[in-house]
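Undergrad: Below are the sequence and a predicted model; questions follow.
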Amino acid sequence: MWRMIAAEGPDEAAERQAQLLRGCLDMCLLALLTEEPAHGYELVRRLESSGFGAVSYGTVYPLVTRLRRLGLVSDVPQPSPTGPPRKVYRVTDAGRERLTIWRKQWIQFAGVVNAAVDVRTSESGDDR
Amino acid sequence: MTIDSVLATADREWRALGVHQRDRATLGADLRADLEAADADGLTPAELLGTDPAGFARNLAEEAGVERTTPRYGALFGVATAGAVIALVVGYVVVLGLHQAFVAAFDLPRGVHVPVWLAAGAFYGGIVAIVVAGAVVAVRVALRDVPRIRHTAARMTVLLPPAFGAGIAAAVAVGWALDFRLTPAVISAEAALVLLAFLGATALARRWSVYTPLSVRESAEN
């Protein structure tokens, strides 16, 4: 088991990270926007500084578009000192409600996964 | 990679996906606004989107949940051709029967002379009308569950007659140039020209209906 992890290269690790992120990135974006509204590439910076690593704008922008379509996020043009107005995204009331539901679901799901991973690890003796 | 080139690539991708023109315009305008704002902050499109703008455009269309209509040219060609051939055979049998019935029932007065151009026009016009009707009805019936098919059928009704006219004229020109020889090669070439006109007009009708926005009334009908 340890040998397999050690043999996993940076590409495989990044792919695994991307897979894990795929199911929860929209929730994380909602959470980050709940803290403070942001424009698209500011969101990318916040994801990076939150520890998600390099998540591209090309990944974030379509997801924000989906959140807008679902009415969970709205956008407001904000004047920019450097150029044309930027779209700043903020969470709507529906978005806050949805985030509360998703957060509960995630905590429950993460608990189940953690428990499963703990059990398997203990059984295989890898935690020793 | 410039903003314009990214938007051109994205638009091509959205067209290929069958995204409607109004949705392409909205997605493109939103994306342009974001890219221009980022550019003013010193971030290039390549830095933001990486090296695969087409993949980004596909992903964006998917997440935006835009309505998509795939042309389905293969099914359309098959059904339209089958409808046209069936109509031609049925029409031939009906006309043959009517001709015999009329010949038996009436005698054309000796003084009546029908000009050749009128006879040829009526003959070819009749064939075209039967074939167009067969193709359009077949498409409307057999592909009734395909989005925008009524719109396509309406456009076929408009485009097929002139296309057949052009195809027949081209076939006649080829026949004339080759002394109207009845060899398999010449007949095949003439038939291919007419078939090409038929399929071309059918494809154009589908393309017209898929890639242009519908009016409110047409949307309700489709």
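TA: Great, that's in hand. Numbering: from 1, shown residues only, chains lettered A, B, ... in the order given.

Undergrad: Report how many residues lie close to the residue in chain B that chain A sits nearest to.
TA: Minimum separation of chain B from chain A (Cβ to the nearest Cβ) falls at residue B:40, amounting to 2.2 Å. Where C-beta positions appear, they are placed from N, C-alpha and C, glycine not excepted. By other Cβ atoms under 10 Å in any protein chain shown, the residues close to residue B:40 number 14.

Undergrad: give me the low-pLDDT residue ranges for the chain?
TA: Using chain A here. A:1-8, A:119-128 (pLDDT under 70).

Undergrad: my bad, chain B
TA: For chain B, the ranges with pLDDT under 70 are B:212-222.

Undergrad: List the buried residues of the top helix by length along chain B.
TA: Ranked by residue count under DSSP state H, the longest helix found in chain B is helix B:73-105. Buried residues in helix B:73-105, counted by 16 or more other Cβ atoms under 10 Å in any protein chain shown: B:76, B:79-81, B:83-84, B:87, B:91.

Undergrad: what about that helix, distance to the chain center?
TA: The chain centroid and the centroid of helix B:73-105 are separated by 21 Å under Cα atoms, centre = their mean, to the nearest Å.

Undergrad: picking that back up, residues touching the residue of chain B closest to chain A, list them.
TA: A:80, A:82-84 (Cβ atoms under 8 Å, 6 or more residues apart in numbering or on different chains).

Undergrad: As CSV, the residues you listed with secondary structure and neighbour count would be great.
TA: Below are the contacts of residue B:40 laid out as CSV (DSSP: H, G, I helix; E, B strand; the rest coil; neighbours: other Cβ atoms under 10 Å in any protein chain shown):
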residue, secondary structure, neighbour count
A:80, coil, 16
A:82, coil, 11
A:83, coil, 14
A:84, coil, 14
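
Undergrad: Name the pair among those residues with the greatest separation in space.
TA: The span of those, defined through Cβ to Cβ, is set by A:82 and A:84 at 9.0 Å.

Undergrad: Next, give phi and psi for the residue sitting nearest the centre point of chain A.
TA: Centroid check for chain A by Cα atoms, centre = their mean gives residue A:25 as the closest residue, at 2.7 Å. Main-chain dihedrals, residue A:25, degrees, to the nearest 10: phi -70, psi -40.

Undergrad: hmm, back to that, what is the subsequent helix or strand relative to the longest helix of chain B?
TA: Once the chain leaves helix B:73-105, the next helix or strand it forms, by DSSP states H and E, is helix B:116-142.

Undergrad: Quick check: buried residues in that following helix?
TA: In helix B:116-142, counting by 16+ other Cβ under 10 Å, buried: B:127-128, B:130-136, B:138-140, B:142.

Undergrad: for stretch A:14-26, same thing?
TA: Buried positions in stretch A:14-26, judged by neighbour count with 16+ other Cβ under 10 Å: A:25-26.

Undergrad: what sits up against it?
TA: A:8, A:28, A:52-53, A:55, A:59-60, A:63, A:66-67, A:106.
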